[in-house]
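[1] The following comprises the amino acid sequence and a computationally predicted model.
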Amino acid sequence: MDIITDADLSGAKPATTPLPKGFKFCSTEDTLFANPDQYHRLVGRLLYLGFTRPDLAYAVQQLSQHVQHPCTHHWEATVHVLHYLKGYPSKDWASCPTTRKFLTGYCVYLGSSLISWKTKKQTTVSSSSAEAGYRSLASTDCRLRQYWQLAS
């Protein structure tokens, strides 16, 4: 919300998608943006925010490719991302609506044969999908180590 306030878009209408429909990332069709430093700062803040918001990843990655020569339509797309953030200030990636915990799941194959599988609700609430992914990966790694020790 600080990003939206700093951009003076607190009263802006929310958007339902991170980018306008049909938006094309071209750098030669428009005039250069008058304040590239403002564009750099905003895209940098969105890149940082993108670590915990995978729904922004594609849009911000595309916008970041034009920081050298941002055009006015790139700025408009960046503002659209802020309108999206206004409508969805926090995206909830939790799998269980009651406990807000993610589900961890894995399948273990030996060749083409499935030898183990499991789905389990994580024991703690993760604050982002990245954190939940790391927890899931750690759980799977522990299980694989157990299988390796049994096989040895």
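    Here it is on my side, so go on. Residues are numbered from 1 along each chain as shown.
[2] how near is Tyr147 to Ser139?
    Distance of Tyr147 to Ser139, given as CB to CB, to the nearest Å: 13 Å. C-beta here means a position set from N, CA and C on the backbone, and glycine is covered the same way.
[3] between these two, who's got more neighbours?
    Remark: of Tyr147 and Ser139, Ser139 carries more neighbours, 17 against 13, as counted by other CB atoms under 10 Å.
[4] residues contacting the more buried one?
    When contacts are counted by CB atoms under 8 Å, 6 or more residues apart in numbering, Ser139 touches Thr104, Tyr106, Lys120, Gln122.
[5] and those residues, which of them are in strands?
    Under the assignment DSSP state E, those contribute Thr104, Tyr106, Lys120 to strands.
[6] which non-adjacent residue is nearest Trp117?
    Cys107 (4.6 Å; CB to CB, 6 or more residues apart in numbering).
[7] My error: substitute Leu42 in the last question.
    Thr78 (5.6 Å).
[8] which of the residues in the helix or strand encompassing the one you found are buried?
    Per DSSP states H and E: Thr78 is located in helix 72-87. Buried residues in helix 72-87, counted by 16 or more other CB atoms under 10 Å: His73, His74, Trp75, Ala77, Thr78, His80, Val81, Leu82, His83, Tyr84, Leu85, Lys86.
[9] Thought Gly87 was touching Met1, still the case?
    No: the criterion here is CB atoms under 8 Å, and Met1 misses it with Gly87 at 12.0 Å.
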